[in-house]
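Undergrad: Predicted coordinates and the sequence they were generated for:
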Amino acid sequence: MDIAYNNKLDLVKVAPNAKPPVCRIMDYGKYKYELAKKEKEAKKNQRVINVKEIRMTPNIEEHDLNVKAKRAMDFLKDGDKVKVSVRFRGRELGHTDIGKEVLLQFAKITAEFGVIDKQPKMEGRNMIMYLVPKTE
């Protein structure tokens with residue numbers, strides 16, 4: 001403690017539970033600053049991936065499907081994940097195979113920019129599929 005006090009530094013317990021406790025003489029303020037700086041630098045290099053959603057119906061027209069696919073391609077170019085869902089209403093629930101075909105057609109259109117992360121699957125009244133950006 002005297003050495004730390006004379007050098008105007010801090011005595012920091014590195015392993016307080018060890019026998020005997022392990023201590024270190026350092027400038028604690030500078031240490032905290034360096035940690036914050038490293039954390040900030042690591043955060044700068046991170047990419048937050050958002051999940052964008054596109055909703056359709058099983059009886060969607062070809063042009064409408066292409067418009068929605070173009071929008072999804074923009075999302076995939078930006079590095080976002082895309083959740084594509086087909087909502088079934090009333091009697092449409094009896095024809096889930098049509099919805100699956102629509103989703104697979106959608107995946108085929110967007111194949112240049114994204115790949116299927118999760119295959120089409122029913123969740124309640126919706127059939128959902130996830131697309132992720134293609135990695136080179």
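TA: Yes, it's here. Numbers count the residues shown, from 1 in each chain.
Undergrad: and the spatially closest residue to residue 9 that is not a sequence neighbour, what helix or strand is that in?
TA: Closest residue to residue 9 apart from its sequence neighbours, by CB to CB, 6 or more residues apart in numbering: residue 25 at 5.1 Å. For glycine as for every other residue, the C-beta is placed from the backbone atoms N, C-alpha and C. Element membership for residue 25 (DSSP states H and E) is strand 22-26.
Undergrad: Packing partners of the helix or strand that comes right after that strand?
TA: Heading C-terminal from strand 22-26, the first helix or strand you meet, by DSSP H and E, is helix 28-44. Applying 3 or more CB pairs under 8 Å, 6 or more residues apart in numbering; DSSP states H and E, one finds that helix 28-44 contacts strand 10-15.
Undergrad: what about this protein, any weak spots by pLDDT?
TA: Counting by pLDDT under 70, the chain has low-confidence residues at 136.
Undergrad: Just give me the longest strand of it.
TA: strand 114-123 (DSSP state E).
Undergrad: Show me what it pairs with in its sheet, parallel or antiparallel.
TA: Applying DSSP bridges to the sheet, strand 114-123 is found paired with strand 126-133 (antiparallel).
Undergrad: how far out from the middle of the chain is the partner strand?
TA: 14 Å (CA atoms, centre = their mean, to the nearest Å).
Undergrad: How about residues contacting it?
TA: Applying CB atoms under 8 Å, 6 or more residues apart in numbering, the contact partners of strand 126-133 are 51, 72, 76-77, 79-88, 96, 99-100, 103, 106-107, 110, 113-122.
Undergrad: if we go to 6 Å?
TA: With CB atoms under 6 Å, 6 or more residues apart in numbering as the test, strand 126-133 has contacts from 76, 79, 81-87, 99, 103, 114, 117-118, 120.
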